[in-house]
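Quick check, what structure comes out for this input:
(chains A and B)
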Amino acid sequence: AQSVAQPEDQVNVAEGNPLTVKCTYSVSGNPYLFWYVQYPNRGLQFLLKYITGDNLVKGSYGFEAEFNKSQTSFHLKKPSALVSDSALYFCAVSHLSGYSTLTFGKGTMLLVSP
Amino acid sequence: DVKVTQSSRYLVKRTGEKVFLECVQDMDHENMFWYRQDPGLGLRLIYFSYDVKMKEKGDIPEGYSVSREKKERFSLILESASTNQTSMYLCASILGRGLGHGYTFGSGTRLTVV
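Numbering: from 1, shown residues only, chains lettered A, B, ... in the order given. Sure, this is the predicted structure:
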């Protein structure tokens, strides 16, 4: 079975400061890893993905994520937070072999203060 | 721009009613999914379909069924609504079996069962 852990329910950061939203995963085989963002009363929007290759993945809105196989982590980062980044962030995992569905974490609320 | 459309944003139904949640995608995607989202639990997969008239159970199928008569439409059915099915329901679709492009989500239907 595959699983995702997002250890923080909420992350608070001041505008202009760097942010990190943590994610660890468990999957048999090589992972597909995703980050999604959800704004209030909206569906989820795709931010970025890791499938293979470079461990540092760049995505939408200036976000990036670092894949660390030894630590089974895929933390989301941004060098300088904006108030408009405040939203709910979900990490998701699947595995490469064959067909499978995405398993999501519980979500982390990011609050960026002015 | 690709689109997944859920017919209702907000729905209020009575206990015991049969409820239909509709999802339509205009991207000719083979695969469609229904998730429910609850605070602190993240997204949990209810059912998915990888072809017309095909369906597979997800992690929490009890109390739900689905219908996929046409490629573009995937319906979630609550056979006899109960208060513990009050939730946000999210539909998603993806092209093919590979996850390389990530899911496209609808805006969600917030269902309240009274």
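
Would you give the sheet partners of the helix or strand of chain B with the lowest mean pLDDT, along with the direction of each?
Lowest on mean pLDDT, DSSP states H and E among the helices and strands of chain B sits strand B:104-105, with a mean of 90. Using DSSP bridges, the strands paired with strand B:104-105 are strand B:87-94 (antiparallel).

what are the ranges of the helices in chain A?
Secondary structure of chain A (DSSP state H): no helices located.

centroid residue for it?
residue A:35 (3.6 Å; Cα atoms, centre = their mean).

Beyond the least confident helix or strand of chain B, next helix or strand please.
strand B:109-113 (DSSP states H and E).

low pLDDT regions in the chain?
Just going to use chain A. Within chain A, the stretches with pLDDT under 70 are A:95-100.

You answered for a different chain; I wanted chain B.
Along chain B, segments meeting pLDDT under 70 span B:1-2, B:96-101.

residues of the host helix or strand of residue B:32 that come out buried?
Per DSSP H and E, residue B:32 falls inside strand B:31-38. Buried residues in strand B:31-38, counted by 16 or more other Cβ atoms under 10 Å in any protein chain shown: B:31, B:32, B:33, B:34, B:35, B:36, B:37. Any C-beta I mention is one placed from the backbone N, CA and C, and that applies to glycine too.

CA atoms only: put it into CSV for me.
C-alpha atoms of strand B:31-38 as CSV (Å, rounded to 0.1, in the frame of the first residue of the first chain):
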residue,chain,number,x,y,z
ASN,B,31,-9.9,7.8,-16.6
MET,B,32,-12.1,9.5,-14.1
PHE,B,33,-12.2,9.6,-10.3
TRP,B,34,-14.4,10.5,-7.4
TYR,B,35,-12.8,11.6,-4.1
ARG,B,36,-14.3,13.0,-1.0
GLN,B,37,-12.5,15.6,1.1
ASP,B,38,-12.9,16.0,4.8
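
what's the angle from it to strand B:87-94?
Angle, strand B:31-38 to strand B:87-94, by axes from the mean of the first three to the mean of the last three Cα atoms, to 10 degrees: 160 degrees.
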